[in-house]
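1. Quick one: sequence plus predicted model below, questions after.
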Amino acid sequence: MRVIVVGAGVVGTMHAWHAVERGHQVVQIERESEARGASLRNFGQIWVSGRAGGEELETALRARELWEAIGARVPGLGFRAIGSLTPVRGDLELAVAEAAVARPDAAARGYKLVTAAEARRINPALRGDFTAALWCERDAAVEPRPAQLALKQALLASGRYTYLGGREVRDVLGEGSVRDDHGDVHTGDAVVLCPGASLSGLVRELAPDLPVRRVRLQMMQTDPLGEPLTTSVADADSFRYYPAYASEALDALNSGQPQVPTAAAHKMQLLMVQRSDGGLTIGDTHEYEHPFAFDTLEDPYEHVTAVVESFLGRPLPKIRRRWAGVYAQCTDKSRVVHRQQVRDGVWLVTGPGGRGMTCSPAIAETTANELGW
C-alpha cells in the first residue's frame, strides 16, 4: 500500500510511522520545510494524569506505552518516564487531590498523595512551601523541538518513506490523489490529512462544518535551572482545567477559592517541565475568541513566574524565549480527535485539543486499524 500523509506535525508523523511500521510506502507532504506549529510549541509532556476516563484515558495510556517503545528505538525523542507532581496548599486543594486518589482508575493513572517531605525526595528542586502533592507516576516527557526531526530520520532509514517539505496540498483530485502547489500530483491507496490548526482553505472545502475550533496559548522557556527538575510540575489551577479532577471537592475549590484575577482572565494553569539542556518550559494561557490577539501579554508571564518561584523557593532563571501557539480542539471536548472520511480514500484527522503530543501515537494507531493498513 502507498499512503500519502499531509502534514508533518506530531499527529501526521505518527500516521506515517504506523504506516511504515506495517510495511507500507509513505509520502509525507508538509507546507513548511519542517513542522513549525503546535507540535514544537508545547511542553513535550505525555500527560496521562488529567485525562477524562473512558476512551480518553485508554488512548493516553496506550499512547504512553507506544511513546516508550518508540523512544527506545529513537533516542532523539528524549523520552523520560519522569512522572508529575502537583503541589497543593490548604484544605480545599488537598481535598481535590484526595478525591483524585479515590477514583476507581487512580491506579491506572499512577496517582498517589504524598507529603511535602516525600514530594521533595521525589523532586528536590521543590523547596517552596506547600501542604502535600499529587504524584502521578505514569506521566512522562519527550523533547518536542527535536522529536519531529528524530522521527523523520528514523522513517527515512526504513527505505519506505519520502518527505516533501515546502509544498502545500491544494487539491484532492480523487481516490488517493492530491495536487500540491508545485503542480505535482501524488497518488496512493489512501490519503490522511493532518492539518493541525490550519483549518481554512482546502480543509474548509472538504469539511465545511468541521466541529473543531482553534485555541491560542502563551508559553515561555528559561535558561538552565542549574539542577535537575526530576518531574513535571503543575499547580492546583490545573485541577480546574483537566476533566480527571471533576468532583464535589473541585466544586468546593472553585466556589471557595477562585482563581486570582490574572489566571482567571487568561484561563491559566501552571505546567512546567525541564528540557534536556536544563531550561524550563513553562505555561500556559488559553484564548478561544477569534480573531486572536497578535501580541503576547506580560501579566500572565508575571503570574506564572510567581507561582513557579513559590514552588521552587528561589528566583526563576532568566527567560530566554516567549511564544504564542495555536492548536485545534474538537468543540465536543469529550472527543479525543475528529476523524472523518472526506472523499473516497481520503481521511481528515484533527482536533486533539492540546492532547496531540500525549495521544498522537494511539490516535494514529486507531486510524491505521480502522483503515485496515
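-> Looks like it arrived, so ask away.

2. all contacts plus neighbour counts: C-alpha atoms, from now on.
-> Noted.

3. Scan this structure for its longest helix.
-> Taking DSSP state H as the criterion, the chain has its longest helix at helix 55-73.

4. which other helices and strands contact that one?
-> Judged by 3 or more C-alpha pairs under 8 Å, 6 or more residues apart in numbering; DSSP states H and E, the packing partners of helix 55-73 are helix 356-371.

5. packing partners for the helix it packs on?
-> Counting contacts by 3+ C-alpha pairs under 8 Å, 6+ apart, helix 356-371 is packed against helix 10-21, strand 45-46, helix 55-73.

6. could I get the ones you listed as CSV with mean pLDDT?
-> Putting the helices and strands packed on helix 356-371 into CSV (pLDDT from 0 to 100) gives the following:
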stretch, mean pLDDT
helix 10-21, 97
strand 45-46, 94
helix 55-73, 97
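
7. Out of those, which one sits most buried?
-> Comparing the helices and strands packed on helix 356-371 by mean neighbour count (mean count of other C-alpha atoms under 10 Å), strand 45-46 ranks first with a mean of 27.

8. Which neighbours in the sheet does it have, and how are they oriented?
-> According to DSSP bridges, strand 45-46 forms sheet pairs with strand 140-141 (antiparallel).

9. I'd like the mean pLDDT over whatever helix or strand comes next after the strand it pairs with, please.
-> Scanning forward in sequence from strand 140-141 by DSSP states H and E, the next helix or strand is helix 144-156. Throughout helix 144-156, pLDDT has a mean value of 94.

10. From the contact counts, what lies against helix 144-156?
-> In terms of contacts (3+ C-alpha pairs under 8 Å, 6+ apart), helix 144-156 is packed against helix 10-21.

11. Contacts for the helix it packs on next, please.
-> With contact meaning C-alpha atoms under 8 Å, 6 or more residues apart in numbering, helix 10-21 is reached by 3, 5-7, 25-26, 28, 39, 148, 151-152, 155, 158, 160-161, 192-196, 356-357, 360-361, 363-365, 367-368, 373.

12. which stretches of the stretch 151-300 of the chain form helices?
-> Ranges of helices in the stretch 151-300 of the chain, per DSSP state H, counting those that start in this stretch, are 202-206, 237-241, 248-256, 261-265, 298-312.

13. Check what pLDDT the closest residue in space to Ala116 that isn't next to it in sequence gets.
-> Leaving out its chain neighbours, the residue that sits closest to Ala116 by C-alpha to C-alpha, 6 or more residues apart in numbering is Ala132, at 4.5 Å. Residue-level confidence at Ala132 comes out at 98, pLDDT.

14. what does Arg41 give?
-> Looking at Arg41, its pLDDT reads 81.

15. How about Ala100?
-> 98.

16. Equivalent analysis for Ala190, please.
-> Looking at Ala190, its pLDDT is 96.

17. Can you check which of the helices and strands packed on helix 356-371 gets nearest to Pro124?
-> Comparing those against Pro124 with C-alpha to C-alpha, the closest turns out to be strand 45-46 (20.0 Å).

18. Name the surrounding residues that touch the closest one.
-> By C-alpha under 8 Å, 6+ apart, the surrounding residues in contact with strand 45-46 are 60, 64, 139-142, 232, 273, 357-359.

19. Buried subset of those residues as a PyMOL selection?
-> In PyMOL, this line selects whichever of the contacts of strand 45-46 come out buried by 16 or more other C-alpha atoms under 10 Å:
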select buried, resi 60+64+139+140+141+142+232+273+357+358+359
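
20. Of the contacts of strand 45-46, which is the nearest to Phe311?
-> Comparing these against Phe311 with C-alpha to C-alpha places Ser232 closest, at 12.3 Å.

21. Contacts made by the longest helix of the chain with the rest, please.
-> With contact meaning C-alpha under 8 Å, 6+ apart, helix 55-73 is reached by 46-48, 51, 77-79, 138, 140, 334-336, 358-363.

22. Sheet-wise, list the partners of the helix or strand following that helix with their directions.
-> Sequence order places strand 84-88 as the next helix or strand after helix 55-73, per DSSP H and E. Strand pairing for strand 84-88, determined by DSSP bridges: strand 132-136 (antiparallel), strand 232-234 (parallel).

23. pull the CA atoms of strand 84-88 into PDB?
-> Presented in PDB, the C-alpha positions along strand 84-88 are these (Å, rounded to 0.1, in the frame of the first residue of the first chain):
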ATOM      1  CA  SER A  84       4.500  14.600  37.700                       C
ATOM      2  CA  LEU A  85       3.900  16.400  40.900                       C
ATOM      3  CA  THR A  86       1.000  18.800  41.700                       C
ATOM      4  CA  PRO A  87       1.800  20.600  45.000                       C
ATOM      5  CA  VAL A  88      -1.300  21.700  46.900                       C
END
